[in-house]
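Participant: Okay, here's the prediction I keep looking at, along with the sequence it came from:
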Amino acid sequence: MSTVRYTKEHEWIRIDGDAAVIGITVFAQDQLGDIVFVDLPEVGRHVEKGKEAGVVESVKAASEVYAPATGDVTATNAALADDPAMVNKDPTGEGWFYKLKLADPKELDALMDEAAYTAFTASLT
Amino acid sequence: MAENTLARTPLYALHQSLGAKLTAFAGYDMPVQYPAGIIAEHLHTRTKASLFDVSHMGQVRLAGPDIAAKFEKLVPADVIGLADGRVRYTMFTNDRGGILDDLMVAKDGDVLRLVVNAGCKDADLAHMRDRLGVDAVTYFDQDALLALQGPQAASVLSRLAPDIDAMAFMSAAAVTLDGIACIVTRSGYTGEDGYEISVPGAMAEQLARRLLAEPEVAPAGLGARDTLRLEAGLCLYGSDIDETTTVIEANLAWTIQPRRRAEGGFAGAAVIQRELAEGPKRRRVGIKPEGRQIARGHTDIVDADGVVIGHVTSGGFGPSIEGAIAMGYVDTAHAKIGTDLGLQVRGATRPAQVAKLPFVPHRYFSSPVSGQP
């Protein structure tokens, strides 16, 4: 049974044991507008919670993507190289960014659940 | 709250009703995009016709004895020789040959009509009042400016004014549209055929809704305006040109007609004449990064040895190109089309080449050749 958590930087992380999938939220892609390039971390790279792990470029601007948790990158979504607009079309599904082997699943306890994130985004608009 | 201090154009309520995303631009609350999104709005403009609100720009009328001759002291274009009803692109220069603003000037009998940039209009008005006299300068802050741009703009607008599709590119005319007295120029900032329509602010929404009711027309925001002008190789003031870039460095020598090159008589003429003769030290060029990685403004440009030889001034994604495009300044030795460049993006050097401008060919209207020998 997987759980999903959210960051204030508008990443989502879907957790199943010590494996996790990461992407950006519906709110984030809507704010960014048309996404034209995604720079993802290489497989094998160690990323630290809260540190930059990639960049997403929309027509308007470049935005850094932060790691929601510490761990090692086990896979990246290669389909985004040819079709970055997938992040707009399906940000929580086919538009995922990368997968992590978590160093410490307890790190996720501090992140928002869906209700908290929904309230958070409502406070921004 | 800063938002409360933003000015609104006469089309603000229309933008809201169309679902626009609004953003602060040059002191105005302006639509950056509508629900279709920047890429869709861009492609619509290249294939059909888009309506842009550019009412934030400054519309100015200059009048008085010998106004064209007096105005020529501020700009390097031939304004005395500009025919009645014609429009020219030029710029206010400073004593170093740098650019205070770029603008359009139309000749209307004894009167000159200007369109200047929103972010520069206060300084431009002060400059003109200082040099031309307060009485010579009238600022139309109540008028709106609409741009109808795209290959179907002429067929759309000719439904409202039958002869308007015969207007020459870079000409101006007083035209009644939907019962409203307007001043129309055949010009734009997209590289496509199109018109800019000056309309009294109180009538602007009526005309905008009339145009949007045509099946070919969709609204487009400042986001698409920027990607369209970048593909068309057109300068954005404050990014590609400013007080530190000369007219010649900016590759805008084509805007200086022969009499002005020979005679000078405008601010910065000595610098500009010297650069015309000897060539500038650096030059604005098109830049094509390899792949989809975008290089934005202020990105350093390096040569094969890693030495910085310039910087990007505008960079983004070209929806019609389906790739990254940019413009910037490089030392003249590196300005030849095809020269390999490196772009320093987030700590890595990415390959790019100097590219021919425009990235997308201009498709301005040209009048059919007459049958006269």
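Facilitator: Thanks, I have it.
Participant: quick one: what helix or strand has B:Glu205 in it?
Facilitator: helix B:201-212 (DSSP states H and E).
Participant: just checking, what packs against that helix?
Facilitator: Helices and strands touching helix B:201-212, as assessed by 3 or more Cβ pairs under 8 Å, 6 or more residues apart in numbering or on different chains; DSSP states H and E, comprise helix B:12-17, strand B:49-53, strand B:143-149, strand B:180-185, strand B:217-219. Every residue, glycine included, has its C-beta placed from N, CA and C.
Participant: So which residues make contact with the last one?
Facilitator: So that's strand B:217-219. B:15, B:18, B:20, B:31, B:34, B:36, B:41, B:44, B:48-52, B:148, B:156, B:211-212 (Cβ atoms under 8 Å, 6 or more residues apart in numbering or on different chains).
Participant: are any of the residues you listed buried, and which?
Facilitator: If you count burial by 16 or more other Cβ atoms under 10 Å in any protein chain shown, the buried members of the contacts of strand B:217-219 come out as B:15, B:18, B:20, B:31, B:34, B:36, B:41, B:44, B:48-52, B:148, B:156, B:211.
Participant: for the residue nearest in space to the middle of chain A, which residues make a bridge with it?
Facilitator: For chain A, the residue nearest the mean C-alpha position is A:Gly23 (2.6 Å; Cα atoms, centre = their mean). Note on A:Gly23: beta-bridge partners A:Trp12, judged by DSSP bridges.
Participant: related to what we said a few turns ago, mean neighbour count, the helices and strands packed on helix B:201-212: which tops it?
Facilitator: Most buried of the helices and strands packed on helix B:201-212 by mean neighbour count (mean count of other Cβ atoms under 10 Å in any protein chain shown) is strand B:49-53; its value is a mean of 28.
Participant: ok, now which ones touch the closest residue to B:Gly268 other than its chain neighbours?
Facilitator: What sits nearest to B:Gly268 in space, not counting adjacent residues and going by Cβ to Cβ, 6 or more residues apart in numbering or on different chains, is B:Gly97, at 3.5 Å. Contacts for B:Gly97 (Cβ under 8 Å, 6+ apart) come out as B:Thr246, B:Val247, B:Ile248, B:Gly268, B:Ala269, B:Ala270, B:Val271, B:Ile272, B:Glu275.
Participant: could you redo the last one with a cut-off of 7 Å?
Facilitator: B:Thr246, B:Val247, B:Gly268, B:Val271, B:Ile272, B:Glu275 (Cβ atoms under 7 Å, 6 or more residues apart in numbering or on different chains).
Participant: Find the pair from the residues you listed with maximum spatial separation.
Facilitator: B:Gly268 and B:Glu275 (9.8 Å; Cβ to Cβ).
Participant: Which one's more surrounded, these two?
Facilitator: When neighbours are counted by other Cβ atoms under 10 Å in any protein chain shown, B:Gly268 and B:Glu275 differ, and B:Gly268 comes out ahead with 23 against 19.
Participant: Find the nearest non-adjacent residue to the residue most central in space within chain B, please.
Facilitator: Nearest residue to the geometric centre of chain B (Cα atoms, centre = their mean): B:Tyr189, 4.6 Å. Spatial nearest neighbour of B:Tyr189, chain neighbours left out: B:Arg229 (5.0 Å); criterion: Cβ to Cβ, 6+ apart.
Participant: Export the longest helix belonging to chain A to CSV, keeping only CA atoms.
Facilitator: Longest helix of chain A, by residue count under DSSP state H: helix A:114-124. Provided in CSV are the C-alpha atoms of helix A:114-124 (Å, rounded to 0.1, in the frame of the first residue of the first chain):
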residue,chain,number,x,y,z
GLU,A,114,-3.0,15.3,0.6
ALA,A,115,-5.4,17.2,2.8
ALA,A,116,-2.6,19.4,4.2
TYR,A,117,-1.2,20.1,0.8
THR,A,118,-4.6,21.0,-0.6
ALA,A,119,-5.0,23.5,2.2
PHE,A,120,-1.5,24.8,1.6
THR,A,121,-2.1,25.5,-2.1
ALA,A,122,-5.5,27.1,-1.3
SER,A,123,-3.6,29.5,0.9
LEU,A,124,-1.4,30.5,-2.0
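Participant: For that helix, buried residues please.
Facilitator: A:Tyr117, A:Thr121.
Participant: Same check on stretch B:345-362?
Facilitator: In stretch B:345-362, counting by 16+ other Cβ under 10 Å, buried: B:Val345, B:Arg350, B:Ala352, B:Val354, B:Ala355, B:Leu357, B:Pro358, B:Phe359, B:Val360.
Participant: Span of it from start to end?
Facilitator: 30 Å (Cα to Cα, to the nearest Å).
Participant: And the contacts of it?
Facilitator: So stretch B:345-362 is contacted by A:55, B:191, B:231-233, B:285-290, B:293, B:295, B:299, B:302, B:318, B:320-321, B:325, B:335-343 (Cβ under 7 Å, 6+ apart).
Participant: For the chain, give me the ranges with low pLDDT.
Facilitator: Just so you know, I chose chain A. A:1 (pLDDT under 70).
Participant: Actually, chain B is the one I wanted.
Facilitator: B:1-4, B:368-373.
Participant: what ranges do the strands span in the stretch 101-250 of chain B?
Facilitator: B:111-116, B:137-139, B:143-149, B:172-177, B:180-185, B:194-200, B:217-219 (DSSP state E, counting those that start in this stretch).
Participant: Ok, which of those comes nearest A:Asp90?
Facilitator: strand B:217-219 (25.0 Å).
Participant: List the neighbouring strands of the closest one plus their orientation.
Facilitator: Strands adjacent to strand B:217-219 in the sheet, as given by DSSP bridges, are strand B:49-53 (parallel).
Participant: helix or strand right after the partner strand?
Facilitator: Defined by DSSP H and E, the subsequent element after strand B:49-53 is strand B:58-62.
Participant: Could you list every helix and strand in contact with that following strand?
Facilitator: With contacts defined as 3 or more Cβ pairs under 7 Å, 6 or more residues apart in numbering or on different chains; DSSP states H and E, the packing partners of strand B:58-62 are strand B:111-116, helix B:121-132, strand B:137-139.
Participant: got the buried residues for the last one?
Facilitator: Pointing back at strand B:137-139 there. B:Val137, B:Tyr139.
Participant: Mind listing the strands that strand pairs with, and their directions?
Facilitator: Here, using DSSP bridges, strand B:137-139 pairs with strand B:58-62 (antiparallel).
Participant: Grab the nearest non-local neighbour of A:Asp39.
Facilitator: A:Val55 (4.2 Å).
Participant: B:Leu62 touches B:Phe71, doesn't it?
Facilitator: Yes: shown here, B:Leu62 and B:Phe71 form a contact pair, counting by Cβ atoms under 7 Å, at 6.2 Å.
Participant: Find residues that contact each of these two.
Facilitator: Between them, B:Leu62 and B:Phe71 share the contacting residues B:Leu112, B:Leu132, judged by Cβ under 7 Å, 6+ apart.
Participant: quick one, what contacts B:Gly150?
Facilitator: B:Thr45, B:Arg46, B:Lys48, B:Ala49, B:Ser50, B:Glu192, B:Gly194.
Participant: Can you get me a residue count around the second one?
Facilitator: Residue crowding around B:Arg46 was assessed by other Cβ under 10 Å; the count is 20.
Participant: what helix or strand is it on?
Facilitator: helix B:38-47.
Participant: what helices or strands is that helix leaning on?
Facilitator: Under the contact definition 3+ Cβ pairs under 7 Å, 6+ apart, helix B:38-47 sits against helix B:222-231.
Participant: Give me the contacts around whichever strand or helix holds B:Arg260.
Facilitator: Using DSSP H and E, B:Arg260 sits in helix B:258-263. Applying Cβ under 7 Å, 6+ apart, the external contacts of helix B:258-263 come out as B:Pro76, B:Ala77, B:Asp78, B:Gly81, B:Phe266, B:Gln273, B:Leu276.
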